[in-house]
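1. what follows is a protein structure lacking sequence information:
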């Protein structure tokens, strides 16, 4: 039974990998009065369990992690769903481009380098003073759930629509347009989270194992 957690004061991570400085390395133990609830997400939770010695004993021993509990299922059964985007340019002023598009190539500053900064300021003021305007919505306001074929009990495909076109996931292009997303909701493929070392500071090895089953491949087609 977990009775607490141990934290290590570490340096802040750098974008793209690595850390700033060396950190103090001071270790602090925090004891729980009743119980410990681990809620670090689908990746962080199994990683913390494994570096703490709870997981597949053979894998932990290979990395020099003292085994407290042999639970081979820790890090298995990773589930996620794929989506694909269909994007269209538009000749009409119908999108988020004037409010969201930024200048690329400026590193961390790019997300603040708005092409039309006065619009971003206006959106921020409208939200702060009146709770309205462009900043009052995440703009994923249109969506749908459907069944991919007859005989499916629950909807297994999901649609999103957003008035904007992007590169990657977050970088809005400086043109008007819109996009539709479609993805499976209940994929049958299962991935894994594994340790690459016995340190919690090292990123885990994530294998989503997408489209490993014929059912998932058929659904995506």
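-> Yes, it's here. Treat the numbers as computed from the prediction; the structure is a model and nothing was measured.
2. C-alpha from now on. contacts and neighbour counts both.
-> OK.
3. so where's the chain uncertain?
-> The chain contains residues with pLDDT under 70 at 1, 10-25.
4. could you list the buried residues of the longest helix that it contains?
-> Longest helix in the chain by number of residues, with DSSP state H as the criterion: helix 117-130. Residues 117, 120, 123-124, 126-127 are the ones in helix 117-130 that count as buried (16 or more other CA atoms under 10 Å).
5. grab the two from those residues that are most spread out in space.
-> For these, the maximum inter-member distance is 15.5 Å, found between 117 and 127 (CA to CA).
6. can you report phi and psi for residue 61?
-> When read as degrees, to the nearest 10, the backbone of residue 61 gives phi -60, psi -40.
7. all strands of this structure, in order?
-> 4-8, 27-31, 54-55, 69-70, 83-89, 142-146, 157-162, 166-167, 171-172, 177-184, 192-194, 205-207 (DSSP state E).
8. what's the closest of those to residue 216?
-> For these, the distance to residue 216 is smallest for strand 177-184, at 8.0 Å, taking CA to CA.
9. what's that closest one packed up against?
-> Counting contacts by 3 or more CA pairs under 8 Å, 6 or more residues apart in numbering; DSSP states H and E, strand 177-184 is packed against strand 83-89, strand 157-162, helix 214-220.
10. orientation of the shortest one relative to strand 177-184 in degrees?
-> For strand 157-162 against strand 177-184, the angle between stretch directions is 160 degrees (axes from the mean of the first three to the mean of the last three CA atoms, to 10 degrees).
11. work out the gap between strand 157-162 and the centre of the chain.
-> 18 Å (CA atoms, centre = their mean, to the nearest Å).
12. what's the angle from that strand to strand 83-89?
-> Orientation note: strand 157-162 sits at an angle of 30 degrees relative to strand 83-89 (the same axes, to 10 degrees).
13. and the contacts of stretch 50-67?
-> The contact list for stretch 50-67 (CA atoms under 8 Å, 6 or more residues apart in numbering) reads 49, 68-75, 195-200.
14. what's the burial count for residue 46?
-> By the measure other CA atoms under 10 Å, the count of residues near residue 46 is 26.
15. from now on call the first residue 3
-> Understood, numbering begins at 3; the last thing we discussed is residue 48.
16. which ones are touching the nearest residue to it once chain neighbours are set aside?
-> The shortest distance from residue 48 to any residue other than its chain neighbours is 5.3 Å, reached at residue 77 (CA to CA, 6 or more residues apart in numbering). Residues counted as contacts of residue 77 (CA under 8 Å, 6+ apart) are 48-49, 57, 194-196.
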